[in-house]
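K.L.:
below is the structure, and that's it, no one-letter string:
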């Protein structure tokens, strides 16, 4: 199925099915089982939680998630992205997802985290739901969407494919794994923090067609941006707060 849905609909979808849960991390300012070393590498720490386990309704389903909140950019700090990531990670954890969380990843750390998640998804098997949530700065170029790492220094449009991560490069192979479902939430459409890029980039994120068995959600309509809230949570993630 190829749909673009609101975040609330994606969360409702995430609560369907049977779960094997583990005590795994949240990210951001909330208590976390993941800490980030300098340069963006991820270090395992003590687990928190208990985690809720739903009643089985069929075959054994595994749920995995990657949640990244980039706030501490070199050009200035986003007020809500890390908090939003922590909120989403804790909510997914309570829904039975095995969550890998990270914040303030540089380019190397961002690519590493996404490659590791693809490997995890491949090992998880076909009866797996994979959930990705990205908060931070996102930009579009020639119809493709990019997640900007915290160490990016963008002066020209041609810098974007080199210094940022093209999201489609990871969504396509995730879809190709033949998982039960993939859910991608792009909380990235913000006011362009790189106004000096030459030539100027289009605002917001590009509308993309979801890959088979993938659901995609944006925090703003394609080509538009969401205002940065006063915090601690952004308007898109706030409904997940209990």
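P.N.:
That came through, no problem. Every value quoted in this text rests on a predicted model; they were computed, and no experiment measured them. Residues are numbered from 1 along each chain as shown.

K.L.:
how close does residue 184 get to residue 231?
P.N.:
Separation of residue 184 from residue 231 (C-beta to C-beta, to the nearest Å): 24 Å. C-beta here means a position set from N, CA and C on the backbone, and glycine is covered the same way.

K.L.:
more neighbours: those two, which one.
P.N.:
residue 184 (25 against 13; other C-beta atoms under 10 Å).

K.L.:
specify the beta-bridge partners of the more buried one.
P.N.:
Residue 184 has these beta-bridge partners by DSSP bridges: residue 132, residue 216.

K.L.:
show me where this protein has strands.
P.N.:
Taking DSSP state E, the strands of the chain run over residues 2-4, 34-36, 42-44, 62-69, 72-73, 76-77, 98-103, 128-135, 138-141, 144-147, 165-166, 181-187, 214-218.

K.L.:
now those strands in a markdown table, with mean pLDDT?
P.N.:
Converted to a markdown table, the strands of the chain look like this (pLDDT from 0 to 100):
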| stretch | mean pLDDT |
| --- | --- |
| strand 2-4 | 40 |
| strand 34-36 | 35 |
| strand 42-44 | 36 |
| strand 62-69 | 98 |
| strand 72-73 | 96 |
| strand 76-77 | 90 |
| strand 98-103 | 96 |
| strand 128-135 | 98 |
| strand 138-141 | 96 |
| strand 144-147 | 97 |
| strand 165-166 | 97 |
| strand 181-187 | 96 |
| strand 214-218 | 93 |
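
K.L.:
which one of these lies closest to residue 227?
P.N.:
strand 181-187 (12.8 Å; C-beta to C-beta).

K.L.:
would you list the strands of the chain in JSON lines and tack on distance to residue 155?
P.N.:
Output for the strands of the chain, formatted as JSON lines (distance: least, C-beta to C-beta, whole Å):
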{"stretch": "strand 2-4", "distance to residue 155": "32"}
{"stretch": "strand 34-36", "distance to residue 155": "26"}
{"stretch": "strand 42-44", "distance to residue 155": "29"}
{"stretch": "strand 62-69", "distance to residue 155": "24"}
{"stretch": "strand 72-73", "distance to residue 155": "15"}
{"stretch": "strand 76-77", "distance to residue 155": "16"}
{"stretch": "strand 98-103", "distance to residue 155": "25"}
{"stretch": "strand 128-135", "distance to residue 155": "23"}
{"stretch": "strand 138-141", "distance to residue 155": "13"}
{"stretch": "strand 144-147", "distance to residue 155": "15"}
{"stretch": "strand 165-166", "distance to residue 155": "18"}
{"stretch": "strand 181-187", "distance to residue 155": "24"}
{"stretch": "strand 214-218", "distance to residue 155": "27"}
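
K.L.:
residue 207 and residue 216 touch, don't they?
P.N.:
No. The criterion here is C-beta atoms under 8 Å, and residue 207 misses it with residue 216 at 9.5 Å.

K.L.:
pretty sure residue 154 sits against residue 162.
P.N.:
No. If you go by C-beta under 8 Å, residue 154 and residue 162 don't touch, sitting 9.3 Å apart.
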